[in-house]
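Asks: predicted model, plus sequence, below.
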Amino acid sequence: MTSVEAGTQPENPLAKGDRCPAVQLDSHRGPRVEIGSMDQPMLLVFVPAAYTPVCGSELDELLELVPRAEEAGVQLAIASCDSTATLASWLDAHGASERVLGLSDFWPHGDAARAFGIFDEHSGQPKRYSFAITRDGVIADVAWAFPGDARPLAHHARLLRRVRAAGA
């Protein structure tokens, strides 16, 4: 399910055309990353938790987009409320450590997900949303899925095309 398909979109997440919030997240590679004031466009994929079957299947599919993202100059990033150590281990287990940027929203817990309007206060995890963010910090498109459902690879490929077409 995406922001442009039939269905009821949960609550009030940021949408296409909104300005990306300026939030800083710890990277699994060490340095902090400021989302919203980057030097390159980003496909930011929030997952509820590392080491879960659905999140793992989405990460494996994202790896298929790495060549297209690199060609387009788009950073692929996956964010969760897991610690950087957990993200690093999970990305390494999937062979993604050098190919996808892991971003930890661990502390203060869920601040980035809240800024994007997708934090589930009941579960303490981000909802399953992906944001295509231009170099200028504008959200070019959004994809999402209901809890327990994976976002199809085609939706992430569409986000990649949209951010590229938006003048990545």
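Replies: The structure has been received and is ready for your questions. Numbering: from 1, shown residues only.

Asks: so what's the residue count around Asp60?
Replies: 13 (other Cβ atoms under 10 Å). No exception for glycine: its C-beta is placed from N, CA and C like everyone else's.

Asks: hmm, I typed the wrong one, I wanted Leu63.
Replies: Leu63, neighbours per other Cβ under 10 Å, totals 14.

Asks: same check on Gly30?
Replies: Neighbour count for Gly30, taken as other Cβ under 10 Å: 8.

Asks: assign it to helix, strand or coil.
Replies: coil (DSSP: H, G, I helix; E, B strand; the rest coil).

Asks: in the protein, what residue spans correspond to strands?
Replies: Along the chain, the stretches classed as strands by DSSP state E are 23-27, 32-35, 42-46, 75-80, 101-104, 119-120, 125-126, 129-133, 139-144.

Asks: may I have the first one as PDB, with CA atoms only?
Replies: What follows is the C-alpha trace of strand 23-27 in PDB, where atoms were taken according to Å, rounded to 0.1, in the frame of the first residue of the first chain:
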ATOM      1  CA  VAL A  23      17.000  15.200  12.600                       C
ATOM      2  CA  GLN A  24      20.300  13.600  13.400                       C
ATOM      3  CA  LEU A  25      20.700   9.900  13.700                       C
ATOM      4  CA  ASP A  26      23.700   7.700  14.600                       C
ATOM      5  CA  SER A  27      25.100   5.700  11.700                       C
END
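
Asks: identify each buried residue in that strand, please.
Replies: Of all the residues in strand 23-27, those buried under the rule 16 or more other Cβ atoms under 10 Å are 23, 25-27.

Asks: any chance of these in CSV, plus pLDDT and distance to His156?
Replies: CSV is the format used below for the buried residues of strand 23-27 (pLDDT from 0 to 100; distance: Cβ to Cβ, whole Å):
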residue, pLDDT, distance to His156
Val23, 93, 21
Leu25, 96, 19
Asp26, 96, 23
Ser27, 96, 20
